[in-house]
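Asker: how would this look folded up:
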Amino acid sequence: MTSPDDLEVLGVVEAALLKRLPESQIEPSLVRIAALLDALGSPELSYPTVHIGGTNGKTSTARMVDSLFTELDYRTGRFTSPHLESMLERISIKGEPISPEGFIASYNDIALYLDLIDSRQPHPISFFEAVTALAFVAFAEFPVDLGIIEVGMGGQWDATNVVSSAVSVIMPIGLDHTEYLGGTLEEIAQTKSGIIKPESHVVLAAQEPEVARILMEKIIEKSAIPYREGVEFSLLRRDIAVGGQMISIQGIYSQYTDIYLPLYGAHQASNAAVALATAEAFVGMALDEEVVRNAFANVKSPGRLEVLHRDPTVIVDAAHNPHGARALANTLQTEFDFESIFCVLAILGDKDVIGVLKELEPVVDRLVVSQSNSPRAFEVEKLYAEAIKIFGADRVYKEANLINAITYASEQVTLLNQVSEGVSAVVITGSVVTAGEARTKLKKIGRAEE
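Answerer: This is a model prediction of the structure:
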């Protein structure tokens, strides 16, 4: 059981990690993380890994892969980023966030080595590099049978790209982090293809043609084995169901029908097809159909089209780029029957703000612009000015404080629901930070469903 002393020490550890270069500012290189892990005895090579890259859908797919292997009785370790509410979420062991005690112990294992590598490099170990090493050590100490590792940013020089993955997964690639990855899909695809290892298995989600060409060139160069959505595997069918959807998947080795997925959106159905193909590619055979059904029925993806409250309905989604906003908008339009939607939007300043606003405009009736507590947050006044250009002044309201913005939107929707036969809803989106902040605050005021 976690003691107050453990929580105090955890706070000190987190503060020490957060003093390092933030994950939004990087010095693209594998030199530091490679030196650190070499000093630690290469823990990342002590278990097989599945490596998941791409632009959108990585975390949800990692959770699905985790659930499949858990149902197959593997001891799994999952590393994802960023976190919603707690840093502990980034490192999952057997489907649960690492304990404070485990996090502290793993940090103590690497702390002296962090200082050692810092003293030998022109740039010190970053926050993301340190947490990545911490996760690898935690998985080795547990130990896990399989590491499920999500790429942080890019691929080729991402800190996670020191693993020797048995299966590499590349989710749909879109424009994001252009200041580091390049301004075209081709440039971004080239960087993200860097996770493909020689003679490995590579699972590809559906891609734009120019992206698919670059990825296939890399696969051929590395003598890897491709499994492409729409070719070697595919989503056969999906039907909207209460609380999610029913799907059927043609896998690499078998067909799987009548699978209940408790998540909303066509994009999550595609993520499920990719996750299933990933598990099949790793084990090299068809999976038991009941194992597959049980695994997907147990999947959760917090902060991804998550219904946090009913009466009024409050949905939170971590969409942070146009691709994610498009998926959110499509799902709201096709899988919910809301009379009107009040959207609370708080986005980060280094994102495609205009692109996100344009994707949301057709489905959002009133937009409440706000600001998260992130130092990277796009200022509410600037967001308000940009939103008016696209939505018009009569559809936009501003409230700098996020909890006040959520409260305002909820009150307006409650009033609408009282005088209308239809049902209106609140949707909170813009970033993972926004989604996490909303979840935390709604819990505090007793509005989040457990």
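Asker: what's the nearest residue to residue 195 once chain neighbours are set aside sitting at in phi/psi?
Answerer: Closest residue in space to residue 195, ignoring its immediate chain neighbours: residue 155 at 4.4 Å, by CB to CB, 6 or more residues apart in numbering. C-beta here means a position set from N, CA and C on the backbone, and glycine is covered the same way. Dihedral pair for residue 155: phi 180, psi -60, per degrees, to the nearest 10.
Asker: and the pLDDT for residue 155?
Answerer: We have a pLDDT of 87 for residue 155.
Asker: contacts only, for it.
Answerer: 53, 161, 191-195 (CB atoms under 8 Å, 6 or more residues apart in numbering).
Asker: can you pick the most crowded of the residues you listed?
Answerer: residue 53 (28 neighbours; other CB atoms under 10 Å).
Asker: the residue lying closest to it once chain neighbours are set aside: neighbour count?
Answerer: The shortest distance from residue 53 to any non-neighbouring residue, by CB to CB, 6+ apart, is to residue 151 (3.9 Å). By the criterion of other CB under 10 Å, residue 151 has 27 neighbours.
Asker: next: residue 268.
Answerer: For residue 268, using other CB under 10 Å, the count is 25.
Asker: work out for me the element it sits within.
Answerer: helix 266-283 (DSSP states H and E).
Asker: against residue 253, how distant is residue 259?
Answerer: Residue 259 sits 16 Å away from residue 253, going by CB to CB, to the nearest Å.
Asker: which one of these two is surrounded by more residues?
Answerer: residue 259 (23 against 15).
Asker: output stretch 265-285 as PDB, nothing but the C-alphas.
Answerer: C-alpha atoms of stretch 265-285 as PDB (Å, rounded to 0.1, in the frame of the first residue of the first chain):
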ATOM      1  CA  GLY A 265     -15.600   6.000 -34.000                       C
ATOM      2  CA  ALA A 266     -14.600   4.400 -37.300                       C
ATOM      3  CA  HIS A 267     -11.000   5.300 -36.400                       C
ATOM      4  CA  GLN A 268     -11.100   3.100 -33.300                       C
ATOM      5  CA  ALA A 269     -12.500   0.200 -35.400                       C
ATOM      6  CA  SER A 270      -9.500   0.600 -37.800                       C
ATOM      7  CA  ASN A 271      -7.200   0.800 -34.700                       C
ATOM      8  CA  ALA A 272      -8.600  -2.500 -33.600                       C
ATOM      9  CA  ALA A 273      -7.900  -4.200 -36.900                       C
ATOM     10  CA  VAL A 274      -4.300  -2.900 -36.700                       C
ATOM     11  CA  ALA A 275      -3.900  -4.200 -33.100                       C
ATOM     12  CA  LEU A 276      -5.200  -7.600 -34.000                       C
ATOM     13  CA  ALA A 277      -2.900  -7.900 -37.000                       C
ATOM     14  CA  THR A 278       0.000  -6.800 -34.700                       C
ATOM     15  CA  ALA A 279      -0.800  -9.700 -32.300                       C
ATOM     16  CA  GLU A 280      -1.100 -12.200 -35.100                       C
ATOM     17  CA  ALA A 281       2.200 -11.000 -36.700                       C
ATOM     18  CA  PHE A 282       3.900 -11.400 -33.300                       C
ATOM     19  CA  VAL A 283       2.700 -14.900 -32.600                       C
ATOM     20  CA  GLY A 284       2.700 -16.100 -36.200                       C
ATOM     21  CA  MET A 285      -0.700 -17.700 -36.200                       C
END
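Asker: now do the contacts for the residue nearest to residue 53.
Answerer: Residue 151 touches 51-54, 58, 158, 160-161, 192, 195, counting by CB under 8 Å, 6+ apart.
Asker: low-confidence ranges, the stretch 1-150 of the chain, go.
Answerer: 1 (pLDDT under 70).
Asker: just the stretch 301-450 of the chain next, same as before
Answerer: 445-450.
Asker: in it, which spans are strands?
Answerer: Ranges of strands within the stretch 301-450 of the chain are 306-309, 313-316, 341-345, 366-371, 396-401, 425-429, based on DSSP state E, counting those that start in this stretch.
Asker: and those: which comes nearest residue 142?
Answerer: Residue 142 sits nearest to strand 306-309 of all the strands of the stretch 301-450 of the chain, at 28.1 Å, using CB to CB.
Asker: that closest one: how far from the chain's middle?
Answerer: The gap between where strand 306-309 is centred and where its chain is centred comes out at 17 Å by CA atoms, centre = their mean, to the nearest Å.
Asker: perfect, I'm done here.
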